[in-house]
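**Student:** with the input below, show me the fold.
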Amino acid sequence: MHRFISALVPTWPHQAPASSARPLPAAPGCGCGTQSQACGGRRQGSWLACGLLFGLCICLSPFEESSGRSANPNEWTVQFGELTSSPSIWNLQAYYNRYQVARIFLSPRYLGSSSFDIALLRLASSVTYSKHIQPVCVPASSSEFQNQTDCWVTGWGDITEDEVLPSPHTLQEVQVGIINATMCNHLFSLPDFRRNIWGDMVCAGDPQGGKDACFGDSGGPLACKKKGLWYQIGVVSWGVGCGRPNRPGVYTNISMHYEWIRKIMAKNHIHRPDPRPLLLLPLLWAPLLLQLP
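**Tutor:** All right, here's what the predicted structure looks like:
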């Protein structure tokens with residue numbers, strides 16, 4: 001199956017993972033030069049899927065109540081700037097790029113299903129940007145990316161349905177295409193597995209199969225490049241198996257939550273450092289906290 005190949009840190013400086021304590025100043029623009037990283041986590045252990053960071057101290061994440069993960073911010077940390085989900089305890093740089101979560105904002109419309117599967121994480125302190133830690137843009141609309149074929153999803157999830165990512169758990173990447181809503185609804189109306197694709201979802205992959213996110217990638221970013229800038233289009237949410245024909249991956253459509261994100265930031269006096277499109281930064285190991293695998 002043509003799924004992931006190992007990624008390079010400079011290629012995806014926008015990604016970060018989050019971990020739970022349970023068992024388990026700012027850049028002038030967004031998405032300049034390099035693309036954001038998507039992240040994921042192992043199905044077992046404390047590493048979760050990835051998240052996004054916009055502004056200096058806000059992260060975007062998916063959330064799945066049934067996963068048993070805690071919504072208590074004191075039990076979460078976010079890691080930036082690392083390519084492996086298991087950095088050495090002697091890695092001081094990883095330690096310095098680790099941030100505590102101060103507050104978690106769940107979508108008020110989230111009812112425990114795949115719809116509105118998103119949350120915001122406010123970090124306890126501002127993130128310092130560097131060569132390996134960069135912001136990514138958040139689009140107000142995803143319509144201009146319909147049918148774009150050169151988008152990317154990254155993560156630390158399984159390589160295939162039956163193969164976990166081997167040690168040293170290096171970040172993986174795969175190129176996918178955006179599948180328009182009409183086609184995606186058609187594919188998920190076929191026999192064997194029928195599922196509605198709502199407006200806050202976006203599909204990506206290859207109708208022939210072979211290119212997809214997999215178990216443990218939940219919360220990772222789906223990013224597309226336009227006019228030299230990288231945009232975070234979606235967050236890995238759910239799917240049927242991994243890379244199956246006519247079963248593309250389904251992502252939370254970030255643009256559908258654009259105004260909610262802006263309101264949360266304004267209400268909590270979180271100001272963007274630049275008046276351009278909303279900044280996002282996928283947390284390197286930090287799984288998008290709202291849709292954990």
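**Student:** run through the stretch 151-293 of the chain and note the low-pLDDT ranges.
**Tutor:** For the stretch 151-293 of the chain, the stretches with pLDDT under 70 are 167-168, 270-293.
**Student:** got the residue ranges for the helices in it?
**Tutor:** For the stretch 151-293 of the chain, the helices defined by DSSP state H, counting those that start in this stretch cover 181-187, 258-267.
**Student:** make CSV out of those and add mean neighbour count.
**Tutor:** Quick note: C-beta positions are derived from backbone N, CA and C, even for glycine. Formatted as CSV, these follow (neighbours: other Cβ atoms under 10 Å):
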stretch, mean neighbour count
helix 181-187, 16
helix 258-267, 15
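**Student:** mind putting those helices into a markdown table with distance to residue 137?
**Tutor:** Listed next are the helices of the stretch 151-293 of the chain as a markdown table, based on distance: least, Cβ to Cβ, whole Å:
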| stretch | distance to residue 137 |
| --- | --- |
| helix 181-187 | 22 |
| helix 258-267 | 11 |
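**Student:** tell me which of the ones you listed sits nearest to residue 163.
**Tutor:** helix 181-187 (24.6 Å; Cβ to Cβ).
**Student:** what's that closest one packed up against?
**Tutor:** When contacts are defined as 3 or more Cβ pairs under 8 Å, 6 or more residues apart in numbering; DSSP states H and E, helix 181-187 sits against strand 201-205.
**Student:** just the C-alpha atoms of the strand it packs on, please, in CSV.
**Tutor:** C-alpha atoms of strand 201-205 as CSV (Å, rounded to 0.1, in the frame of the first residue of the first chain):
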residue,chain,number,x,y,z
MET,A,201,-16.4,17.3,7.0
VAL,A,202,-14.0,17.2,4.1
CYS,A,203,-12.7,14.1,2.3
ALA,A,204,-9.2,13.4,1.0
GLY,A,205,-7.3,10.4,-0.4
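**Student:** partners of that strand, with directions?
**Tutor:** strand 172-179 (antiparallel), strand 249-253 (antiparallel) (DSSP bridges).
**Student:** just send those strands back as CSV, with distance to residue 110 too.
**Tutor:** Converted to CSV, these look like this (distance: least, Cβ to Cβ, whole Å):
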stretch, distance to residue 110
strand 172-179, 24
strand 249-253, 10
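**Student:** closest one to residue 103 among those?
**Tutor:** That would be strand 249-253 among the strands paired with strand 201-205, by Cβ to Cβ, at 19.8 Å.
**Student:** what are the contacting residues of that closest one?
**Tutor:** If you take Cβ atoms under 8 Å, 6 or more residues apart in numbering as the criterion, strand 249-253 is touched by 62, 114, 116-118, 142, 153, 176, 184, 197, 199-205, 212-213, 222, 233-239, 291.
**Student:** quick one, which of those residues are buried?
**Tutor:** Applying 16 or more other Cβ atoms under 10 Å to the contacts of strand 249-253, the neighbour count classes 62, 114, 116-118, 142, 153, 176, 184, 197, 200-205, 212-213, 222, 233-239, 291 as buried.
**Student:** count the residues that sit near residue 83.
**Tutor:** 22 (other Cβ atoms under 10 Å).
**Student:** hmm, I was thinking of residue 166
**Tutor:** 8.
**Student:** ok, residue 190 next?
**Tutor:** Neighbour number of residue 190 under other Cβ under 10 Å is 10.
**Student:** OK, contacts around it?
**Tutor:** Contacts of residue 190 by Cβ under 8 Å, 6+ apart are residue 246.
**Student:** repeat that for the one 5 residues further on.
**Tutor:** Neighbouring residues of residue 195 by Cβ under 8 Å, 6+ apart: 188, 240.
**Student:** how far away is it from residue 182?
**Tutor:** According to Cβ to Cβ, to the nearest Å, residue 195 and residue 182 sit 15 Å apart.
**Student:** equivalent analysis for residue 125, please.
**Tutor:** 44 Å.
**Student:** before we move on, what about residue 170?
**Tutor:** For residue 170 relative to residue 182 (Cβ to Cβ), the value is 37 Å.
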